[in-house]
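Quick one: sequence and predicted model below, then my questions.
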Amino acid sequence: MKDRFNLYRFASPVTFYPLAGALIPWFVALSVVFGLAGLYLGMLVAPTDFQQGEGYRIIFIHVPASWMSMFIYLVMAGWAAIGLAFNTRLSGMMAHALAPTGALMAFLSLWTGALWGKPMWGAWWVWDARLTSELILLFLYIGYMALTAAIDDTKRADKAGGLLLLVGVVNVPIIYFSVKWWNTLHQGSSVNLTKSSMAQTMLWGMLLMAMCFWMYSIAVALMRARTIMLERERNTDWVKAVLAENSEGAAK
Amino acid sequence: MLKIITSVIGRDLKLAMRRQADIVSAVFFFVIVVSLFPLGIGPEPDLLRKLAPGVLWVAALLATMLSLPRLFADDHRDGTLEQLALAPHPLGLVVTGKVIAHWLVSGLPLALIAPVLGIQFDLSTDALIVLTGAILLGTPALSGIGAIGAALTLGLRGGGVLLSLLVLPLYIPVLIFGAGAVDATVSGLGGEGHLSLLAAITFASLGFAPWASAAALKIALE
Amino acid sequence: MLKIITSVIGRDLKLAMRRQADIVSAVFFFVIVVSLFPLGIGPEPDLLRKLAPGVLWVAALLATMLSLPRLFADDHRDGTLEQLALAPHPLGLVVTGKVIAHWLVSGLPLALIAPVLGIQFDLSTDALIVLTGAILLGTPALSGIGAIGAALTLGLRGGGVLLSLLVLPLYIPVLIFGAGAVDATVSGLGGEGHLSLLAAITFASLGFAPWASAAALKIALE
Amino acid sequence: MIYWNSFSDFLAMGGYGFYVWGSFGVTALIMAIEPIVVIRNRKSTIALLKRQLRADGRAENRNAAE
Amino acid sequence: MLEADNLECVRGERRLFAGLNFKLEAGELLYLQGRNGAGKTSLLRMLIGLLPPEAGEIRWKGQPIKSDDFRADLCYLGHLNAIKEELTPLENLLASACLADEELSEDDALDALEQVGLAGREDLACKYLSQGQKRRVALARLVKEKRPLWILDEPFVALDVAAVDWLAGIISGHLQRGGLAVMTTHQLVNIPAGTVRELRLG
Amino acid sequence: MLEADNLECVRGERRLFAGLNFKLEAGELLYLQGRNGAGKTSLLRMLIGLLPPEAGEIRWKGQPIKSDDFRADLCYLGHLNAIKEELTPLENLLASACLADEELSEDDALDALEQVGLAGREDLACKYLSQGQKRRVALARLVKEKRPLWILDEPFVALDVAAVDWLAGIISGHLQRGGLAVMTTHQLVNIPAGTVRELRLG
Ligand code: HEM
Ligand SMILES: Nc1ncnc2c1ncn2[C@@H]1O[C@H](COP(=O)(O)OP(=O)(O)OP(=O)(O)O)[C@@H](O)[C@H]1O
Ligand SMILES: Nc1ncnc2c1ncn2[C@@H]1O[C@H](COP(=O)(O)OP(=O)(O)OP(=O)(O)O)[C@@H](O)[C@H]1O
Ligand SMILES: [Mg+2]
Ligand SMILES: [Mg+2]
């Protein structure tokens, strides 16, 4: 019972709103720092790849974007599960706030993959399992956004969208393991915690870029979540207080 | 006369905007159907290039068709159609407005997105231009002919599928000339002939379809 | 438990029989879409044989999908769904019954007609048998997954198209393995692997989908 | 430390310039535009909410006066 | 002004009525009565020209009703509300006026909505209104309606007591201004002004 | 038997009611009143468990209503008739009994249809029935209904005078047998038996 109480408190917009506001600058700063470091290592220091030439440098955004697209989906599904189980107001808002960023990440994964595929495989697009399942992921994001946009009642929109997220979650392991399960053109996983097949600088560059994408996604999603909170809770006292404070700030 | 047409268009566009999902979804249906084929058929670029015009046109047909049942159904269900039929101007004009709005919402976006999909199938620039032109020219005919089918099947419970049964055969000429124009361009023959036939079909159906639909609607309202 | 499932199936089949149009139309939609392709693409037999599995499967997907919006919509509109949700047994069982009835009306006929269409595309006997088997195995999954989409979009005005947006991506695995089985048979590799994956998908989705749909229906009824 | 010999080498990316910079460019563009859109959306939402708040306040005052 | 001459109505294989005659003049209300299934709705749909009678004729100002002129004089309100769930009450009212080729300023529309008790809900999409509120949106059309012939099919359904009184007042006003009305209802409602003629079917 | 404890209802951004309490015992009728949009339908949907209340709880025989047992005791009749237009009245009645897990013989069903005045129309598809006749088909379920809790949303709408009296009698009978009923209506209807409690919303 006590646990649940805490969860409710944490998941209440009243506590979350100022917390998010305070955290955003830090995430932005971290994102910039990681990004600069990653770019420095990846673009300036790392040597060429003996098979793929300089084209391989696309990896520094392709892989982080691909990871984030899957990860954000998992986080949304997690929020959805919490929302459906405990009926917390915050979960729907968070899923809602994450979706556009996730969709953009999926798009970036496809875009950079396509730009990589042309020189490596000779085609912008091939219909192999990983590419296809990533495309499905993009469609799932869009489907989620379209579904929630089509339902005006926010409570119902959250629940229906959450259910869709949970149903679609089977796709994520398919993306991830597709290279193992099927014989595909796309290259297998080369980042492995125990032994890595990549050159050290490359690996570090990629990990730094991944951190950069991660922090970026958190920052943007929190910003969006704050807006959504104001909009949805506009009739509550705390929002009115926030708005009043905000206009004083503007007056100064 | 023009006033009533524009006010019908205005209302329908406003409703479409209010729902948003409508416009986006028709386009995405198109995109998804087109993307399904390579999945079912396999990824050979040569094969895909040959398929492209046919697949794109069939998908355009289906996307248009899918949005047809709702052309009159919403108005019928909530009683607006009765009111429109009782308004002091010919029902054909109202239907003209609705057909134009339908095209703006479902046909035009297809034409705009088609070139992007064409690239997936590795089409040349020439072919892409002809493809876009053909879809621009042909989709108004699809909306017009579709309106007749939608009016005829209005209020029948099996509507959606029955509608496709009525309408798809009538769409075949549009399909043949539309895909033919692109094919001809790809093989270097020039698609003008096909395109002008397409234009002829469109004009004929836009002139005739609203009145036929209006007659069908009156029957449905008895 | 079985009694409720069978009585739901019985009622839905009776309704389908009463309307007739339903069953016939889904099959005809399938036939027409399949026949459109030779028109859009041209009559070369070699090309057509390569296309056949993909085209047949895409058409089956679309035919199933087209009948989905009405899976719950009629019951919703006339208030029957409320009554079903209030009946003293789990809603998931009712949905199971409805999914089975949907398959009997829309999936089974497709499997029966598919070999006939396959002959049009010059498929070998082996390939025809695998095609029929694959469609028989795969279409229940289509009905099951589709039910989730139909329940999620229930009562939304943009329903039909939104539904396809949600459901078609989830249909892709069925399409890939279904068409893959036929392809593999044509190229002499044997389609058993694909067929068993198809069977796995079907069982998983039939077990899981009714309960997800039931949850979605409860949300829609609020 | 730095791998490149010249800036033009860096731009050319061993012949893969179009693909590499195409990827990085679009990514940079998206990462620049998305926050801008989000912030503008936030500002307009706040402005709208404030307007509503003020309108509500006026309505209440009027009711109180009556 | 409105004359029905020897009307006959057959639905399915059942003859609902035959040899029906009536004549309605300015300022008169025709109050259709009859049990469920007597054919009231069918008769109304004949009067507005959507259902062709099996036999007989309907005339408006001496002319058969198959003309645009008749429709320009007619205001019909059926079982269905003819409002769009996506639009707000205000938008619905303006759109329906526009499509019916009437002039209606936004102020007039807001005024009408206030009269039917929807003040404060002008900008809420209609799908969020209750049963009775939706009916009120449909009825708001009548507030500024100047056409002489009103045909109303069970207008009081789903309305609460206050709204029923209000609507009865609106209909009286219309009759006093020399309008005609044909109406069905199963509820007992007192229309204070005009001549009320009753017609019992079945 | 049926208890509502401190119920709160929020639709959209509007709080319709809060702190609503009542208790209903065997043989009692709760008559919900209130103007259009007061939240009557919303309250009924809470009572049947389709709309989760914002706060508060509903109990049936002391248990929260989220159970199959509650639903086995409940008979709900909404705005919508829950009949299939393609099926005949007889088929509709049998199908709905079967889906609700009730026993109903064909003779009983025919008898019920005769009582609601649909004799001779048992085998006509429902789409050919008038507004009021459709409502009667829906109401025919109540004739043989043995479940203790009836929840009826505007059951008298579209019914003619004779049918209204008949339905009032059916409800009285139910109360006399020790049943409970919750009902809304804007019409004044006299229910001869049982204790009538009134609750006014808004
Ligand atoms: C549009 C096409 C593409 C898509 C959708 C795509 C998708 C993905 C995804 C989802 C991942 C992350 C999964 C994981 O970490 O295991 C990934 C990783 C990767 N992709 Fe792609 N990819 C595409 C094209 C390409 C191309 C053309 C290449 C290179 C020839 C490529 C090379 C890689 C590499 C090297 C990784 C990292 C694997 C690792 O080290 O874990 N991808 N891709
Ligand atoms: N999904 C929703 N979102 C927002 N508001 C809603 C929603 N559903 C209903 N409402 C509002 O809730 C209020 C109550 O609706 P309800 O249907 O319960 O009223 P009612 O008392 O049954 O009225 P009536 O007598 O007209 O049937 C209405 O003002 C309506 O606008
Ligand atoms: N399309 C049709 N085909 C066959 N019979 C029909 C059709 N439409 C209506 N009917 C029958 O005509 C009769 C009259 O219907 P109508 O709707 O006019 O009745 P009503 O007087 O308005 O009744 P209510 O008071 O219930 O609204 C009914 O018995 C109905 O069964
Ligand atoms: Mg009637
Ligand atoms: Mg109500």
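Thanks, I have it. Ligands and ions are numbered 1, 2, ... in the order given.

what about the chain, any weak spots by pLDDT?
Since no chain was named, I'll use chain A. Within chain A, the stretches with pLDDT under 70 are A:1-11, A:127, A:183-184, A:188-198, A:247-252.

that's the other chain; I wanted chain D
Low-confidence segments of chain D (pLDDT under 70): D:1, D:59, D:62-66.

biggest helix in it by residues?
Ranked by residue count under DSSP state H, the longest helix found in chain D is helix D:17-65.

on contacts alone, who are the packing partners of that helix?
If you count contacts as 3 or more C-beta pairs under 8 Å, 6 or more residues apart in numbering or on different chains; DSSP states H and E, helix D:17-65 packs onto helix A:59-86, helix A:89-121, helix A:200-232, helix A:237-251. Glycine gets a C-beta too; all of them are placed from N, C-alpha and C.

Out of those, flag the one nearest B:G193.
With C-beta to C-beta, the closest approach to B:G193 among the helices and strands packed on helix D:17-65 belongs to helix A:89-121: 35.3 Å.

Share the number of residues neighbouring residue 93, please.
All of this refers to chain A. 26 (other C-beta atoms under 10 Å in any protein chain shown).

I was thinking of chain B, sorry if that wasn't clear
19.

residues contacting it?
Residues near B:L93 by C-beta atoms under 8 Å, 6 or more residues apart in numbering or on different chains: B:1, B:4-5, B:8, B:210.

So which of those residues belong to helices?
Judged by DSSP H, the contacts of B:L93 include B:4-5, B:8, B:210 as members of helices.

which of the contacts of B:L93 has the most neighbours?
Sorting the contacts of B:L93 by how many neighbours each has (other C-beta under 10 Å) puts B:P210 first, at 26 neighbours.

Tell me if I'm right that it and B:G92 touch.
Yes: counting by C-beta atoms under 8 Å, B:P210 touches B:G92, with 4.7 Å between them.

quick one: contacts for A:W181?
Each residue near A:W181 by C-beta under 8 Å, 6+ apart is listed here: A:129, A:174.

any idea how far the nearest residue to A:E233 once chain neighbours are set aside is from C:A114?
Excluding the flanking residues, the one nearest A:E233 by C-beta to C-beta, 6 or more residues apart in numbering or on different chains is A:V239, at 4.9 Å. Going from A:V239 to C:A114 by C-beta to C-beta, to the nearest Å gives 58 Å.

okay, now E:N6: neighbour count?
Residues near E:N6, counting by other C-beta under 10 Å, number 12.

Repeat that for B:G92.
There are 16 residues near B:G92, going by other C-beta under 10 Å.

what helix or strand is it on?
helix B:91-102 (DSSP states H and E).

one step back: ok, A:V239 and C:A114, which is more surrounded?
C:A114 (26 against 20).

what about the more buried one, which SS state?
State at C:A114, reduced to three classes by DSSP: H, G, I helix; E, B strand; the rest coil: helix.

which parts of chain E sit against chain F?
Contacts of chain E with chain F, taken as C-beta under 8 Å from any C-beta of the partner chain, map to E:11-12, E:34-39, E:41, E:79, E:117, E:124, E:128-133, E:135-136, E:154, E:157-164, E:186-187.

Likewise for chain A?
A:153, A:234-235.

most centrally placed residue in chain E?
Nearest residue to the geometric centre of chain E (C-alpha atoms, centre = their mean): E:L152, 2.4 Å.

Double-check that that residue belongs to a strand.
Yes: assignment of E:L152 by three-state DSSP places it within a strand.

who touches it in this structure?
E:L152 neighbours (C-beta under 8 Å, 6+ apart): E:76-77, E:171, E:181-184.

for A:G117, same thing?
Applying C-beta under 8 Å, 6+ apart to A:G117 gives the contacts A:123-126.

State the number of residues packed around the nearest residue to B:G107 once chain neighbours are set aside.
Counting by C-beta to C-beta, 6+ apart, B:G107 lies nearest to B:T139, which is 3.1 Å off, once chain neighbours are set aside. B:T139 sits with 26 neighbouring residues when counted by other C-beta under 10 Å.

how close does B:T139 get to ligand 5?
Computed with C-beta to the ion, to the nearest Å, the distance linking B:T139 and ligand 5 is 43 Å.

what's the helix or strand for that residue?
Since the elements are taken from DSSP H and E, B:T139 ends up inside helix B:125-152.
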